[in-house]
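>>> sequence first, then the predicted structure:
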Amino acid sequence: MDNLTNNEKIEVKKPSTENKRNAYEIENFVRVQDYTGEGYKLRDSRPETGKLAEEHRGEIEEAVQKYFLSTYKTEVIVHNIIGAVDGATIFVESVGEPHFYTYAIIPIDVDSETVETDEVWSEEGQVENAIQGALYAMIYEQEFATLDEYLESILQKYPVVGVPIEAIEKVGGSGFSSSVYRTSKLGNEFQGIYDMYLENPEISKEEIKKNLSKADFKPDQMLILIELFMKESDTEPDQAVFDKIVSDINELEGIPRGAYTIILNDNLIDKRRGIGTKDNTLESMNPNEILKE
């Protein structure tokens, strides 16, 4: 859906002179277009765990895939393994539908150089949240297609970009995601469809949708975060473009129900943390999120 007419004109800011950046930023901030997930580090990570994880990569991949099949009835692809304090974090992508990105954790004993492949675990609610958001996107695929079409028109008309899919695969781990948005659910209203999926992963979209329609689902219980970056280096987030997107989402019909947050960053992303928000970021977050009934 293209909500932008040919007569509309938005004056995009010219690149500013380069802002002075501190030593950390100079070393770790990169153009978002160049970001592939390389350089990402977990807090307090140890190089020893990463080295051991890489040496046992085959065992880890097999253990994690087995864990997701047995615990979540879902086949996954392992995209990346990153050393942590006393283990490794494994970033995965589900195969087919429901489609989502998430991660699991495997303990590693550095002293004995042991990878505990029978002790794979996930943080409470992390995978469950990802699956529930993906089920929501699966049963409302037409509404998400409308959102995709609108956002594609924004990428075509204005000097903004999303995060490369490769980076999302390697360090995203944020549920149902595209290069420009991701979902996150709040509340227990989606527990029913999650339970149905675990009981029968082959359940039809119609049955899942019927169950969710019976729940008292409020828009603010499904968060949809749209995050964009300026296309050009050394360019401040453009207020006019940001305001246009906020206005469009407010008026757009046929997109998924939910609470929308819009974020527009400059061109740089922190490669160590995978985060683009900074002091100059423009955002319409709570309590200014957009509720779509």
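Everything's here; your move.
>>> for the stretch 101-250 of the chain, which segments are assigned as helices?
Counting by DSSP state H, counting those that start in this stretch, the stretch 101-250 of the chain has helices at residues 126-139, 141-157, 165-171, 191-199, 205-214, 239-251.
>>> need the least confident one among those helices, by mean pLDDT.
Note on the helices of the stretch 101-250 of the chain: lowest mean pLDDT is at helix 205-214, with a mean of 89.
>>> can you list the residues that contact that helix?
Residues outside helix 205-214 that contact it (CB atoms under 8 Å, 6 or more residues apart in numbering): 135-136, 138-141, 189-190, 192-193, 196-197. Just so you know, the C-beta spots here come from the backbone N, C-alpha and C atoms, and that holds for glycine as well.
>>> coming back round to it: out of the helices of the stretch 101-250 of the chain, which is closest to residue 48?
Closest approach to residue 48 among those (CB to CB): helix 165-171, 20.3 Å.
>>> so which helix or strand of the protein has the lowest pLDDT on average?
helix 205-214 (a mean of 89; mean pLDDT, DSSP states H and E).
>>> surely residue 73 touches residue 201?
Yes - judged on CB atoms under 8 Å, residue 73 makes contact with residue 201 at a distance of 4.4 Å.
>>> show me where the chain has its strands.
29-31, 76-83, 87-94, 101-109, 114-115, 160-161, 181-185, 222-230, 258-265, 268-270, 282-283, 290-292 (DSSP state E).
>>> quick one on the thing from earlier: so for residue 270, which of the helices of the stretch 101-250 of the chain sits nearest?
Across the helices of the stretch 101-250 of the chain, closest to residue 270 is helix 165-171 (CB to CB), at 11.3 Å.
>>> which strands and helices lie in contact with the closest one?
Helices and strands touching helix 165-171, by 3 or more CB pairs under 8 Å, 6 or more residues apart in numbering; DSSP states H and E, are strand 76-83, strand 87-94.
>>> on that earlier part again, for the helices of the stretch 101-250 of the chain, which one ends up most surrounded?
helix 126-139 (a mean of 24; mean count of other CB atoms under 10 Å).
>>> follow-up on the earlier one: any chance of the helices and strands packed on helix 165-171 in a markdown table, plus mean neighbour count and mean pLDDT?
Below are these laid out as a markdown table (neighbours: other CB atoms under 10 Å; pLDDT from 0 to 100):
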| stretch | mean neighbour count | mean pLDDT |
| --- | --- | --- |
| strand 76-83 | 20 | 96 |
| strand 87-94 | 24 | 97 |
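>>> now those as CSV including distance to residue 43?
Below are the helices and strands packed on helix 165-171 laid out as CSV (distance: least, CB to CB, whole Å):
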stretch, distance to residue 43
strand 76-83, 11
strand 87-94, 11
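>>> out of those strands, the one nearest residue 263 is which?
strand 87-94 (21.7 Å).
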